[in-house]
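Asker: Sharing a sequence plus its predicted fold:
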Amino acid sequence: MRVHFIAIGGAVMHNLAIALQNKGNTVTGSDDEIFEPSRSRLDRYGLLPEKRIVIAGSHGKTTTTAMIMHVFKARQIKFDYMVGSQIDGFETMVGLSDEAKIAVFEGDEYLSSALDKRPKFLHYMPDIAVLNGIAWDHKNVFPTFDNYTDQFRLFAESISEGGSLIYFDGDPEVKKIALATKGDINKIPYRVHGYFQNKMGFYAATHNRVVPVMIFGEHNMQNLSAAREVCLASGVSEDDFYEAIKSFEGTSRRLQKLKDNERGLVYLDFAHSPSKVKATVEAVASRYPKRKIIACLELHTYSSLSTDFLPLYKNTLANASSAFVYFNPHEIEHKKLKYLSKETVKTAFGGENIRVFDNSEEMFSFIKSQNYSSPVYLLMSSGDFDGFDINWLVE
């Protein structure tokens, strides 16, 4: 008989689980937290549930989660998962099974529901948690930066007893949270992975290995470091991790290459917050230093359309040869925000390379009329440019 225990860590329940297994039954179990002596006894009988892995942070969550999933799949490690974007090789964005002893979650800080104001990631109780960076977002529900960072402090406090916090040491806010987290948590810092590029491609590098990768940009090397630490903590060897990561192509709308020919390249990216926009533009400009970078950004979220949040975008598009910013006046009305003028947006972004449009068709028609010579187009939005057919521009 197969038996699964919910709350297997209970004083009586864990004894019943052991007794049933000793009688020849197949026993599994789950629990929010398991304390001593239940933990040691379940571990001794091989009944302790394996680790929940939760990836959190203002940016890089989806890509880091996808990297971990890619490596686990390549190493034939069975796992359940939940991720925020479609990934090559996975038919759905959620996977559930009866066999997996590991679950990988993309941990979103947005509210659980209209009735439950807690961030979603506070429900997951991770055994291995990643905190990849903090940059203020979701101003409509987290009105101040301090209020926003508090959610990640609570996330770190939700790690199960004896669990691990893998954190980006290059972010002062993340480091502050990590160092203040309770003492029984194993704290594992990481930095941007070593890398270089040349005419042949982009490479992840350590002191003793050079690995060609299909992704690029410093922010992706930060994501790769986080994924590496998670995989090592899950029992994957360094050799197996690097062999698997060679074939990782990225995720949908995260520097997704839509077209590449002699007339130019087109990338589509989900970037919308200031830190994400800046990192994405810098990554593309660095990867193609001799080509014109035509950056096109849609302001779509509540935060990005708020007049007091807009100044955070200053110089985020500075590395683009030409930059175009679009917003839909209807979205401002729909979100009940203050009137926003094109002049206000241009001033907030700064720089002479900025043009602002409030009609997506006009913007793309203007871009097409410029007849750029083999540029790199970078389209950034968490929306869809008001339903504009991107394939028209791509083709």
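Answerer: Right, received. Where do you want to start?

Asker: what's the closest non-adjacent residue to residue 63?
Answerer: The shortest distance from residue 63 to any non-neighbouring residue, by Cβ to Cβ, 6 or more residues apart in numbering, is to residue 223 (4.7 Å). Where C-beta positions appear, they are placed from N, C-alpha and C, glycine not excepted.

Asker: what helices or strands is the strand or helix carrying that neighbour leaning on?
Answerer: Element membership for residue 223 (DSSP states H and E) is helix 218-233. In terms of contacts (3 or more Cβ pairs under 8 Å, 6 or more residues apart in numbering; DSSP states H and E), helix 218-233 is packed against strand 52-56, helix 61-74, strand 128-131, strand 164-168, strand 186-190, helix 238-245, helix 274-287.

Asker: hmm, who's touching the third one?
Answerer: Going back to what we said before, that points to strand 128-131. Defining contact as Cβ atoms under 8 Å, 6 or more residues apart in numbering, one finds that strand 128-131 is touched by 51-57, 64, 107, 152, 155-156, 158-159, 163-168, 174, 177-178, 226, 229-230, 233-234.

Asker: switch the cut-off to 6 Å
Answerer: With contact meaning Cβ atoms under 6 Å, 6 or more residues apart in numbering, strand 128-131 is reached by 51, 53-57, 159, 164-167, 174, 226, 233.

Asker: what's the first-to-last distance across stretch 158-169?
Answerer: End-to-end span of stretch 158-169 (Cα to Cα, to the nearest Å): 20 Å.

Asker: Likewise for stretch 40-53?
Answerer: 21 Å.

Asker: which residues touch it?
Answerer: So stretch 40-53 is contacted by 14, 17-18, 27, 29-30, 101-104, 126-128, 230 (Cβ under 6 Å, 6+ apart).

Asker: With stretch 322-335 instead?
Answerer: With Cβ under 6 Å, 6+ apart as the criterion, stretch 322-335 contacts 294-299, 302, 305, 317, 340, 345, 353-358, 360, 363, 386.

Asker: Show only the entries of the residues you listed found in helices.
Answerer: Applying DSSP state H to these, the entries found in helices are 345, 360, 363.

Asker: residues in contact with residue 78?
Answerer: 99, 100.

Asker: Next one, pLDDT for it please.
Answerer: Predicted confidence (pLDDT) for residue 78: 92.

Asker: how much space between the residue nearest the centre of the chain and residue 296?
Answerer: In the chain, the centroid-proximal residue (Cα atoms, centre = their mean) is residue 61; its distance is 1.7 Å. As judged by Cβ to Cβ, to the nearest Å, residue 61 and residue 296 stand 24 Å apart.

Asker: Residue 365 now?
Answerer: 13 Å.

Asker: Residue 103 too?
Answerer: According to Cβ to Cβ, residue 103 stands 37 Å off from residue 296.

Asker: Next: residue 99.
Answerer: The gap separating residue 99 from residue 296 is 45 Å, by Cβ to Cβ.

Asker: Who has more neighbours out of those two?
Answerer: Counted by other Cβ atoms under 10 Å, residue 99 and residue 296 do not tie: residue 296 has more neighbours, with 26 against 8.

Asker: and that one, bridged to which residues?
Answerer: Bridge pairing for residue 296 (DSSP bridges) gives the partners residue 324, residue 379.

Asker: Was I right to think it contacts residue 381?
Answerer: No. Using Cβ atoms under 6 Å, residue 296 is not in contact with residue 381; the gap is 8.2 Å.

Asker: Tell me how many other residues crowd the closest residue to residue 175 other than its chain neighbours.
Answerer: Using Cβ to Cβ, 6+ apart and skipping the chain neighbours, the partner closest in space to residue 175 is residue 169 (5.9 Å). For residue 169, the tally of surrounding residues (other Cβ under 10 Å) stands at 15.

Asker: Can you give me the end-to-end span of stretch 151-168?
Answerer: This stretch, stretch 151-168, spans 17 Å end to end (Cα to Cα).

Asker: who touches that stretch?
Answerer: If you take Cβ under 6 Å, 6+ apart as the criterion, stretch 151-168 is touched by 33, 56, 109, 119, 121-122, 125-134, 174, 177-178, 181, 184-189, 229, 233.

Asker: Make a PyMOL selection of the buried ones in the residues you listed.
Answerer: Remark: buried members of these, expressed as a PyMOL selection using 16 or more other Cβ atoms under 10 Å:
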select buried, resi 56+109+119+121+122+125+126+127+128+129+130+131+132+133+134+174+177+178+181+185+188+189+229+233
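
Asker: Count the residues that sit near the closest residue in space to residue 120 that isn't next to it in sequence.
Answerer: With Cβ to Cβ, 6+ apart as the criterion, residue 120 has its nearest non-adjacent residue at 4.7 Å, and that residue is residue 108. Neighbourhood size, residue 108 [other Cβ under 10 Å]: 18.

Asker: Check the one 3 residues further on too.
Answerer: By other Cβ under 10 Å, the residues close to residue 111 number 17.

Asker: Now do the buried residues in stretch 273-287.
Answerer: 273-285, 287.

Asker: if we can go back for a sec, if I take the helix holding residue 223 and strand 52-56, what angle do their directions form?
Answerer: Orientation of helix 218-233 against strand 52-56 (axes from the mean of the first three to the mean of the last three Cα atoms, to 10 degrees) gives an angle of 160 degrees.

Asker: Begin at 56, not 1, for the rest of this chat.
Answerer: That works, and once the first residue is 56, the last one we named lands at helix 273-288.

Asker: starting at the chain centroid, how far to helix 273-288?
Answerer: Its chain's C-alpha centre and that of helix 273-288 lie 11 Å apart, by Cα atoms, centre = their mean, to the nearest Å.

Asker: What of stretch 426-439?
Answerer: That offset, for stretch 426-439, works out to 22 Å (Cα atoms, centre = their mean).

Asker: Mind listing what's buried along that stretch?
Answerer: 427, 430, 431, 432, 433, 434, 435, 436, 437, 438.

Asker: What residue, apart from its backbone neighbours, is nearest residue 275 spatially?
Answerer: Of all residues not flanking residue 275 in the chain, residue 118 sits nearest, at 6.6 Å (Cβ to Cβ, 6+ apart).
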